[in-house]
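> this one's sequence-less:
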Ligand SMILES: [Zn+2]
Ligand SMILES: [Zn+2]
């Protein structure tokens with residue numbers, strides 16, 4: 001591959017990135033930064049099963065598991081949006097990913113990770129029945145650079161009435177594509193990427209994991225269900241397990257690189273022609289003057305090289 005930079009455009013959006021091989025953020029530049037567990041924090045952690053406020057629990061998995069839960073959904077006690085605030089209407093929840101304080105999502109088993117995704121699905125279904133909520137973002141911050149503030153591994157759900165601008169742009173681009181071709185743009189894109197294989201990190205019968213052509217972040221990975229579905233609430237148990245397998249192999253590799261990351265899953269209740277995707281966006285590039293000023297993002301890790309990296313380590317997982 002050429003070592004010269006190239007501007008690439010997103011599959012669907014008028015969003016451009018500069019893929020710039022040879023700049024910083026190579027694997028060797030990352031130190032392993034798995035946070036050290038602070039025992040004083042661990043013994044007073046209110047996400048651990050013994051200290052959790054069960055009055056604040058919304059849902060447990062397995063159901064009715066009392067203090068033996070594997071995943072717990074609780075109300076966010078510091079929400080930015082609330083159902084009774086017309087000025088900022090929405091709902092925020094926290095999902096405690098594991099009962100074990102010291103574990104990250106890269107450490108849990110595939111079945112345990114599938115149960116975290118099952119909780120994303122359950123909360124998506126429950127919130128989609130609460131009008132006027134229309135947008136449901138399930139997300140996770142891992143590592144200080146990605147905004148994580150508490151040691152105990154947790155995800156969050158952020159649901160609002162309004163759709164963020166970027167999501168509105170994506171939906172209208174998807175609808176234009178469908179009007180023109182009769183197809184879902186992501187179904188077509190997945191088929192092309194699987195066929196070309198250059199950016200295909202892993203696949204099984206249900207799921208394809210790709211490094212997107214215009215990756216905005218080094219080692220960015222998108223985990224798609226192959227069957228067209230609009231949100232994670234529609235995924236079968238088998239599909240959730242495949243999604244967990246794909247997600248796990250990415251998170252284990254990012255842990256070896258010591259990279260912070262965000263996991264994001266955007267869902268719009270009123271839009272039936274979305275193709276849901278789990279995006280893993282590692283935070284290896286600091287957005288500076290070019291990004292803030294021009295909106296053009298510089299990424300030093302070409303997705304084709306990220307694919308080679310992930311694939312070469314598959315046998316270690
Ligand atoms: Zn804890
Ligand atoms: Zn589709």
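Received the coordinates, thanks. Note that this is a predicted model, so its numbers are computed, not measured. Ligands and ions are numbered 1, 2, ... in the order given.
> Just give the number of residues close to the closest residue to residue 239 other than its chain neighbours.
Counting by C-beta to C-beta, 6 or more residues apart in numbering, residue 239 lies nearest to residue 206, which is 4.8 Å off, once chain neighbours are set aside. For every residue, glycine as well, the C-beta is placed using N, CA and C. In terms of burial, residue 206 registers 19 neighbours under the definition other C-beta atoms under 10 Å.
> Quick check, pLDDT for residue 206.
On the pLDDT scale, residue 206 is placed at 98.
> same question, residue 151
Per the predicted model, pLDDT is 88 at residue 151.
> try residue 317
Listed pLDDT for residue 317 reads 53.
> cool, residue 212 as well?
Looking at residue 212, its pLDDT is 98.
> Which of the helices or strands spans it?
Element membership for residue 212, per DSSP states H and E: none, as it lies in no helix or strand.
> right, and the residue nearest to residue 239 touches residue 240 too?
No. With contact defined as C-beta atoms under 8 Å, residue 206 does not count as touching residue 240 (9.2 Å).
> where does this structure come near ligand 2, residue by residue?
Remark: the part of the chain in contact with ligand 2 comprises 184, 186, 187, 228, 275, using C-beta under 5 Å from the ion.
> Tell me which of the residues you listed fall in helices.
Among those, the subset assigned to helices under DSSP state H consists of 186, 187.
> what's the closest of the residues of the chain next to ligand 2 to residue 78?
Set against residue 78, the nearest of the residues of the chain next to ligand 2 by C-beta to C-beta is residue 275 (32.8 Å).
> Now the element after the lowest-mean-pLDDT helix or strand in the chain, going C-ward?
Of all regular secondary-structure elements in the chain, judged by mean pLDDT, DSSP states H and E, the least confident is helix 39-43 with a mean of 68. With elements assigned by DSSP H and E, the helix or strand that comes after helix 39-43 is strand 57-61.
> What pairs with the next helix or strand after that following strand, parallel or antiparallel?
Later in the chain than strand 57-61, the nearest helix or strand by DSSP H and E is strand 71-75. With DSSP bridges as the criterion, the sheet partners recorded for strand 71-75 are strand 57-61 (antiparallel), strand 90-96 (antiparallel).
> Make JSON lines out of those and add distance to ligand 1, mean neighbour count and mean pLDDT.
Formatted as JSON lines, the entries for the strands paired with strand 71-75 read as follows, by distance: least, C-beta to the ion, whole Å; neighbours: other C-beta atoms under 10 Å; pLDDT from 0 to 100:
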{"stretch": "strand 57-61", "distance to ligand 1": "15", "mean neighbour count": "17", "mean pLDDT": "97"}
{"stretch": "strand 90-96", "distance to ligand 1": "8", "mean neighbour count": "22", "mean pLDDT": "97"}
